[in-house]
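J.: All I have is the shape, not the residue letters:
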């Protein structure tokens, strides 16, 4: 299943994390990305706060300078609309889903990129 990229530049990876009122879980999820072994500038995180009663700014703020992170906010409309908000932000090419309570696996991302050999948009779902 090892795939060689046609160019020396690895594909760009977008990871979408829709969430609602889960500050501890989002911190654990974002913390797992700090250890990701993937080239800087070739991936991004998009957290969509789906109208949490207490905004997630405080939970996300410590990661703003450590990760390529964008925080989007919307009124509570459910996870599907939150995902669509993010897709509208980066445009849809490819999506892979993962639960937000689980730490992200760098292996999952790298295997997906190797398998598809193109830009990847990974969606972390709750």
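T.: Good, I have the coordinates. Just so it is clear, the model here is predicted, and its values are computed rather than measured.

J.: Please count neighbours and contacts with C-alpha atoms only from this point.
T.: Noted.

J.: So, low pLDDT: which residues of the protein?
T.: 1-7, 90-126 (pLDDT under 70).

J.: Do you have the strands of it handy? List them.
T.: 13-19, 43-50, 69-74, 95-99, 120-125 (DSSP state E).

J.: how many other residues sit next to residue 53?
T.: Residue 53: 11 surrounding residues under other Cα atoms under 10 Å.

J.: so it makes contact with residue 19?
T.: No: in this structure, residue 53 is not within contact of residue 19 by Cα atoms under 8 Å, at 11.6 Å.

J.: so who does the nearest residue to residue 19 once chain neighbours are set aside touch?
T.: Spatial nearest neighbour of residue 19, excluding adjacent residues (Cα to Cα, 6 or more residues apart in numbering): residue 49 at 5.4 Å. Residues near residue 49 by Cα atoms under 8 Å, 6 or more residues apart in numbering: 18-21, 55-56, 71-74, 82.

J.: just those residues now: which is nearest residue 64?
T.: Of all the contacts of residue 49, the one with the least separation from residue 64 (Cα to Cα) is residue 71, at 9.0 Å.

J.: Run through the bridge partners of that closest one.
T.: Assessed by DSSP bridges, residue 71 has beta-bridge partners residue 47.

J.: For residue 47, give its distance to residue 65.
T.: Taking Cα to Cα, to the nearest Å as the measure, residue 47 falls 15 Å from residue 65.

J.: So between the two, which is more surrounded?
T.: Between residue 47 and residue 65, counting by other Cα under 10 Å, residue 47 is the more crowded of the two (25 against 8).
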